[in-house]
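S.K.: Here is a sequence with its predicted model. Questions after.
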Amino acid sequence: MNKNGAKGARNAAANAALLVFCLMYLSPIYIIVVNSFKSRAEMYTNVLALPQTLTWEYYAGAVQRMDFINVFKNSLIVTLCSVAVIVVLCSMTAWMLVRTRTRLSRFLYSFLIVTMLIPFQTVMMPLMQEMNSLTKALGIPMKNSLGGLVFMYAGFGAGMGVFLFHGFVKSSVPVSLEEAAIIDGCNIWQVFWRIVFPILKPTTVTVIILDVIWIWNDYLLPSLTLTSNANKTIPVMTSLFFGTYTIEWNMAMAALTMTIIPVIIFYFSAQKHIIKGIMAGAVKG
Amino acid sequence: MKRMKTLTCIVLALSLLLGLGLAGAQAESAGKIVVFQQKTEIYDQLVELAKTYQEETGVEVEVWPIAGDDYYQNLKTYMASESGPTVFTLNSASEIAEMSGYLADLSDLDVMGKVQENLIAMVDGKKTGVPMTAEGFGIIYNKDLVDPEAISTMDGLIAYIQEQKAAGLTGLGLSQEGYFLIGQILNFPFAVQDDPVAFCQQVFSGEVKLADVPEFQEFAKLFVAIRENQVNPLEVTYDGNCGDFATGKTAAIHQGNWCYTMFSTYDIDFEMGMVGLPVGGSTAIAVGIPSYWFVNADASEEEQQLGKDFLDWLYTSETGVDYLMNKFGFLPVVDGMTSEKLDPISASVADAIASGNIIDWTFNTEWPASVIMNDLVPVAEEFFTTEMTEADFLTALNDAFVTAAAE
Amino acid sequence: MSMKKRWFALFTVPLFFVFIVVVIIPFLSGVYYSFVSWDGLPKNPMKFVGFANYAKAFADTRFLNSLERTTVFTLITMVTVNVLALGFALVVTSKLRLRNVGRVMIFMPYLIGGLLLGYIWQFILGDCMATLGEMTGRTDLFFYWLSNKQFAFIGLIVVATWQMAGYMMVIYIAGLQSISDDVMEAANVDGASYWQALFRIRLPLLMPSITICLFLTLSNCFKIYDVNLALTGGGPANATEMVSMNIFNEIFAKSNYGYGQAKAIVFFIIVGVITMFQVRLTSRREVEV
């Protein structure tokens, strides 16, 4: 009894310590949020204190200066479309590569994987020039358009997507099911979308999560492709907001808070999947 | 299973449609130009002007956000990828030379006939750049706290900085941005030389060592005094520097007349004035053309024409001139343009121009391309974060110029 | 047969088309550009210079310094991230009631992109630290970190650690959960203490996860750019300029396009060697499991 009591107390202390630690760990986020409500004078008297009054003034300012609604919409469109395209194209390719046991398919697979090593810095400038020439030659705007950006993300996301789907198809999709479907009169297209794709769901979730986190936060690629204000995504606009001479920290922090909120909502609504997805993706990373 | 398939089809179709639709929606609308320029101070006003212009002429003007010190780098990236703005600004002779292939001939603009020849940017004998405004920089001081006579010599200025420290104030505020940290203030010892152009060449070629020149020795002494007696300029932003001056925490700052708009959010209850940095016995204010407007020669013929029309409108129409004088706070550079209500700092600059007690902007006209951001800023940052001596500081600056000139 | 080929093409060609256009063609032209001298402006002349750019890169002290700095940064961050992540993983897989809360909160920073993280910490390590110093009088520890070369570098390590630890923690959790309860029970019966069980049994069984995490941190740290840009911008006096930023600046700020491209190829080779090593080790791990 006594021993249990001591153990209980120690447990409570450990829990408390964990909680305190976590709160400290997230204190930077706390600092950003509280200071987004303070005037400059108030901010510099005590950065850690809670705001004396709740004013939305700086949020309104940031929304207006950053054109937040439009920028948010752009980020959302780019992220959703890119992820959809990546999932569709990669799952199809990966399945076909696994099921076709030829030298060509083995070569294509290794080709994709090896070229994943290319760092973005190596291709950034030539890519921009190629996109310009494509725009000129075909009349399809590849630069400064969200569609063009989606196209590029599909290319950069290909290696990892195929890798994850490939591994899953190989280990967990039974050929017997597909054969049965063929006997029932399905063609290859139907087999894939009716039988295989639903089985791939765990990997699809993993790919979606990893790519959403990547694309939503990506800065360099959109900063190089998107020139006009109307097309900019959240990270690009944030950097412009900070790049100008005048950092008005309270407004900047309101902007940061607003950009973090959607990510937090996404996290809490799909928390279990995210952790699982990361674990599954971890093997590759 | 069926639902899954339908869902997939919808997602696929949607993403394809969106992709195509977005691509299509980007098509050029008739009558639109893009303006990209470096002046933070006039950004909001320029956006407002763009709306007015569209109302008056129907031509849409998109103003790209400013990128501060990264402006030129961004501009080059846009140009390199052949997606540059229609109208843009360049600051220095070296930038103009590098970009010369992209500068349309503006000789036929009305405004060009109303500007003094020597204020126009020329490339191969063609008039290509419209001067934006004239500006002056120097020490902007609070008349309640500073006696301009006392800081008219370098020794006096240094003694003053020490006094201000004792009083708990910042003597001469600098800030972390490249031009404000080192670029502009370093112009003084160059520009007060008898023949600044020849002197610059001698420095860049290694013939003259900065450490041997008395004006530079004075300058280095000043920088040591700043390092020892003030908050580290690397920790101060432009915004903060102006704010501290406006609220009386800083008695004087090294800035130009453009910064007056930064004071608008404060209630200023003191008078201010401007004097030049006292080196080599001169207290002249540095006055120059900060930037020129250009039209992108890479744009389509129609777009170029729209850009030219915009510049003409800006400098010759009633509305345009009203914006330049009253909303941007520019000093007049075009004949017949007058400004009735100059802010006190611009008035000091205008007085200096009238009296002829001014020196040139060698950093725009003579210095090698990008030397400030790429070479001088690291030296200044090194100086403010270490115990670097005056002699080492001058040697490092000297090397920075020689390296940049050789590239 | 030909039917089969047509299906194969239908399923794979779209992806490979995109991939080749976006990655392979730019990569090959990038290799070509590394042999020219050019400022990147299409209207200005381009000159073929052979291997001169590469020779220049290996004599460029600023580039070599940034490589060395990136290596030091990477090694230190690998240690801090993994020690922290493993510690977190052990705590949140224990029987503590708040373990799930901990798991959720510690992972959170990973979701905020590098750029935003950099800006958040720029405020904290700059103005916020300075204000704390004024308040507490402890100006030896609380001062404007970002204007001090050593502390700006340390700041970069702190931020990178803060960002990555949660992610690595999740991988360690997966590893810890795959260790069967029987093993731990056997250890308990044998009277092993917590620490003995940890060092003699759990850590050795966790080696595969440790390998993955080490290499993940390695390649992430080596390629760091966003945090670098937003937190310090490479300053003060280039003291925190990492390789990625050096390459970017060479191409875009100094407009030495060919030269910067040569540096980028050198960078690619280094990253390639590191990652090959990683893939080899991870695939060996897959066999083991």
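M.R.: Perfect, thanks for sending it. Numbering: from 1, shown residues only, chains lettered A, B, ... in the order given.
S.K.: Might one say that residue A:206 is in contact with residue A:277?
M.R.: Yes. Judged on CB atoms under 8 Å, residue A:206 makes contact with residue A:277 at a distance of 4.0 Å. No exception for glycine: its C-beta is placed from N, CA and C like everyone else's.
S.K.: how far away is residue B:253 from residue B:180?
M.R.: According to CB to CB, to the nearest Å, residue B:253 and residue B:180 sit 9 Å apart.
S.K.: Residues that sit against both of these two, list them.
M.R.: Shared contacts of residue B:253 and residue B:180, defined by CB atoms under 8 Å, 6 or more residues apart in numbering or on different chains, comprise B:174, B:241.
S.K.: Would you double-check that residue B:33 falls in a helix?
M.R.: No. Counting by DSSP: H, G, I helix; E, B strand; the rest coil, residue B:33 is not found in a helix; it is strand.
S.K.: Run through the residues that contact the nearest residue to it once chain neighbours are set aside.
M.R.: Among residues not flanking residue B:33 along the chain, residue B:86 sits closest, at 3.9 Å (CB to CB, 6 or more residues apart in numbering or on different chains). Going by CB under 8 Å, 6+ apart, residue B:86 touches B:33-35, B:295-296, B:299, B:303-304, B:306-307, B:310.
S.K.: Show me which of those residues is closest to chain A.
M.R.: residue B:34 (7.1 Å; CB to the nearest CB).
S.K.: What score does the residue nearest to that closest one when sequence neighbours are not counted have for pLDDT?
M.R.: Using CB to CB, 6+ apart and skipping residues adjacent in sequence, the residue nearest residue B:34 is residue B:85, 4.1 Å away. Looking at residue B:85, its pLDDT reads 92.
S.K.: pretty sure residue B:85 is in contact with residue B:32, am I right?
M.R.: No. Counting by CB under 8 Å, residue B:85 stays clear of residue B:32, with 11.3 Å between them.
S.K.: Can you pull the residues that touch both of the two?
M.R.: By CB under 8 Å, 6+ apart, no residue touches both residue B:85 and residue B:32.
S.K.: Of these two, give the one with the bigger neighbour count.
M.R.: Set side by side, residue B:85 and residue B:32 show more neighbours around residue B:85, with 24 against 15, by other CB atoms under 10 Å in any protein chain shown.
S.K.: Could you check how far the more buried one is from chain C?
M.R.: From residue B:85 across to chain C, the span is 15 Å (CB to the nearest CB, to the nearest Å).
S.K.: And for residue B:270?
M.R.: From residue B:270 to chain C the distance is 26 Å (CB to the nearest CB).
S.K.: Model confidence at that residue, what's the number?
M.R.: On the pLDDT scale, residue B:270 gets 92.
S.K.: what does the one 3 residues further on give?
M.R.: Reading off the per-residue confidence, residue B:273 sits at a pLDDT of 92.
S.K.: For it, give me its contacts.
M.R.: Per CB under 8 Å, 6+ apart, neighbours of residue B:273: B:140-141, B:143, B:148, B:344-345, B:348.
S.K.: same thing but 6 Å
M.R.: B:141, B:143, B:348 (CB atoms under 6 Å, 6 or more residues apart in numbering or on different chains).
S.K.: Buried among the residues you listed? Make that a PyMOL selection.
M.R.: The buried subset of those, as determined by 16 or more other CB atoms under 10 Å in any protein chain shown, is captured in PyMOL by this line:
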select buried, chain B and resi 141+348
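S.K.: Helix or strand: which one has the closest residue to chain B within chain C?
M.R.: The nearest approach of chain C to chain B comes at residue C:43, 3.4 Å away (CB to the nearest CB). Assigned by DSSP states H and E, residue C:43 belongs to neither a helix nor a strand.
S.K.: That one - how many residues pack around it?
M.R.: 14.
S.K.: how close does the nearest residue to it once chain neighbours are set aside sit to chain A?
M.R.: The spatially closest residue to residue C:43, leaving aside those adjacent along the chain, is residue B:101, at 3.4 Å (CB to CB, 6+ apart). Applying CB to the nearest CB, the value for residue B:101 to chain A is 16 Å.
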